[in-house]
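A.B. asks: model this:
(one chain, ligands or ions: 1)
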Amino acid sequence: MPDDPHDLFLDLRNLSTGYGRSQVLFDVTLSAPWRGGVAILGRNGAGKTTLMKAIVGELGAWSGSVGLDRRDITKLATEQRIRGGIGYVPQEHSVFGRLSVRDNLAVGALTNQDKRAVDRVLEIFPKLGARLDQPAGTMSGGERKMLAIARAMLSEPKLLLLDEPTEGVWIGVIEEITERLILLAKDIAVVVVEQHLDLALRVANIAYVLDRGRVALAGSAEAVRDDPALVRYLAP
Ligand SMILES: Nc1ncnc2c1ncn2[C@@H]1O[C@H](COP(=O)(O)OP(=O)(O)OP(=O)(O)O)[C@@H](O)[C@H]1O
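C.D. replies: Modelled structure (predicted):
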């Protein structure tokens, strides 16, 4: 992890939040450098999706702070955070099912001035190019995930948050998505919630393990992978 806090793009400090009166995250301190992958691991219900929502501003902070690009964005609305460079691929419902692939991409490209941007994401995800006129809702789970990632990339995020991008996806497509994420993490910050440990640790060079809403382990991906306590935190 970088020692110099100025190297951080995302910087959460002692963040606590939850739903109604039920607290889910407790004093979560977590950061992501400008480039590279950060894996968020933890068993079902550990608070991973809640953490994504807190970063993107769908959930406000009860205490603690969210920093982005050296600014305190704790009080900013989701829209302003997105403008600040966050791209978000939520776990579900992340494409417009009735719109074609082409139109989904056009929506993603609305804020992008570069006319070649769609062509470039189609080079990255060529399978989508073969399905431009297909309604997104009729595509396979893996294709929909690719479309959701492609669409998020069109907003040219500096930080891409992905909540289980390979959930319910066939193994061959998992490999394809993983390779794209590894490439992406060379240029921007990629924070990925992932159940597949091997995949997560291929994309990430830093990993955090949440346990009942608290950071239980954090460090380099190798150190977390080799930590004997890891199995305990991932066991159902
Ligand atoms: N909208 C909500 N209202 C109330 N409680 C919620 C809500 N969403 C999530 N929770 C609770 O917050 C806790 C953390 O849920 P969260 O979805 O963040 O976990 P997760 O680590 O992403 O789990 P999974 O791996 O199953 O997706 C769970 O106990 C869940 O029941």
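
A.B. asks: when you work out contacts or count neighbours from here on, use the C-alpha atoms and nothing else.
C.D. replies: Noted.

A.B. asks: against G57, how distant is the closest residue to R214 other than its chain neighbours?
C.D. replies: Closest residue to R214 apart from its sequence neighbours, by C-alpha to C-alpha, 6 or more residues apart in numbering: F26 at 5.4 Å. According to C-alpha to C-alpha, to the nearest Å, F26 and G57 sit 17 Å apart.

A.B. asks: got it, and G168?
C.D. replies: Distance, G168 to G57, using C-alpha to C-alpha: 26 Å.

A.B. asks: ditto for R83
C.D. replies: Relative to G57, and taking C-alpha to C-alpha, R83 is found at 12 Å.

A.B. asks: over to A148?
C.D. replies: 19 Å.

A.B. asks: which one of those two is surrounded by more residues?
C.D. replies: A148 (27 against 21; other C-alpha atoms under 10 Å).

A.B. asks: around the ligand, pick out the residues from the protein.
C.D. replies: 19, 24, 43-50 (C-alpha under 6 Å from any ligand atom).

A.B. asks: please repeat the previous calculation with a cut-off of 5 Å.
C.D. replies: Counting by C-alpha under 5 Å from any ligand atom, the chain comes close to the ligand at 19, 44-50.

A.B. asks: so what's the residue nearest to A117 when sequence neighbours are not counted up against?
C.D. replies: Leaving aside its chain neighbours, A117 sits nearest to L154 (6.6 Å; criterion: C-alpha to C-alpha, 6+ apart). L154 is in contact with 105, 108-109, 112, 117-118, 121, counting by C-alpha atoms under 8 Å, 6 or more residues apart in numbering.

A.B. asks: for L159, grab phi and psi.
C.D. replies: phi -140, psi 120 (degrees, to the nearest 10).

A.B. asks: now do the contacts for it.
C.D. replies: L159 sits next to 9, 34, 85-87, 188-191 when contact means C-alpha under 8 Å, 6+ apart.

A.B. asks: between these, which is closest to the ligand?
C.D. replies: The closest of the contacts of L159 to the ligand turns out to be V191 (C-alpha to the nearest ligand atom; 13.6 Å).

A.B. asks: what pairs with the closest one across the strands?
C.D. replies: V38, L161 (DSSP bridges).

A.B. asks: circling back: write the PyMOL selection for whichever of the residues of the chain next to the ligand are buried.
C.D. replies: Here is the PyMOL command that selects only those of the residues of the chain next to the ligand that count as buried (16 or more other C-alpha atoms under 10 Å):
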select buried, resi 46+47+48+49+50
